[in-house]
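Chemist: Okay, here's the prediction I keep looking at, along with the sequence it came from:
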Amino acid sequence: MSTTRCLVDLGADGRYGWRLVAQNGRVVARSGGCHDDHDGCRDAFLALCAGHAAMAGGVQHTASGNGWVWLLRDAEGRTAALSGRSYERHSTCRTAYQRFRALLATEGQRWMTTSLL
């Protein structure tokens, strides 16, 4: 069983976002958008856990073009989750993306039934 946990953060703008944090403190993934309230943020995370298998995703260049990030998009095309950081190498980012997908497959159900947020 993973010790990865989901935390909800309140931003300076008063909006909420979630992040998955590994046991070593590294951010594995973060929410693709901001939410007006805690419940909306939690619902977005639970929707990710429930629907991740049907979500499209992949690796792409960072906005500045000097690195790589991965992302998952929901059925409406909105970014549901992003990598916790950018990567120098495409292959390293791809591996992190595959690990995140596997983590959702193995832990998503447990996260949906526990109070992690």
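Modeler: Yep, it's here.
Chemist: Just the strands from this protein, written as ranges.
Modeler: 5-10, 16-21, 27-31, 56-61, 68-73, 79-83 (DSSP state E).
Chemist: quick one: Val8 from Gly25, how far?
Modeler: From Val8 across to Gly25, the span is 17 Å (C-beta to C-beta, to the nearest Å). The way it works is simple: take the backbone N, C-alpha and C, and place the C-beta from them, glycine included.
Chemist: who has more neighbours, the two?
Modeler: Of the pair Val8 and Gly25, Val8 is the one with more neighbours under other C-beta atoms under 10 Å, namely 16 against 6.
Chemist: Look at Lys49 and say how many residues are nearby.
Modeler: To be clear, residue 49 is Cys; Lys isn't right here. 18.
Chemist: try the one 4 residues further on
Modeler: The burial metric for Ala53, expressed as a neighbour count using other C-beta under 10 Å, is 9.
Chemist: repeat for the one 5 residues further on
Modeler: Other residues lying near Gly58 total 11 when counted by other C-beta under 10 Å.
Chemist: try Phe100
Modeler: The local packing of Phe100 (other C-beta under 10 Å) involves 22 other residues.
Chemist: Tell me the buried residues in stretch 4-11?
Modeler: 4, 6, 8 (16 or more other C-beta atoms under 10 Å).
Chemist: Which of those residues sits closest to Ala105?
Modeler: Proximity of those to Ala105 (C-beta to C-beta) peaks at Thr4, which lies at 13.0 Å.
Chemist: so the closest one touches Ala22, yeah?
Modeler: Yes. Taking contacts as C-beta atoms under 8 Å, Thr4 lies within contact range of Ala22: 5.3 Å.
Chemist: residues bridging contact with the two, i.e. touching both?
Modeler: Both Thr4 and Ala22 are contacted by Val28, under the criterion C-beta atoms under 8 Å, 6 or more residues apart in numbering.
Chemist: Looks like Ala53 contacts Ala105 (just checking).
Modeler: Yes. Assessed by C-beta under 8 Å, Ala53 is found in contact with Ala105 at 7.3 Å.
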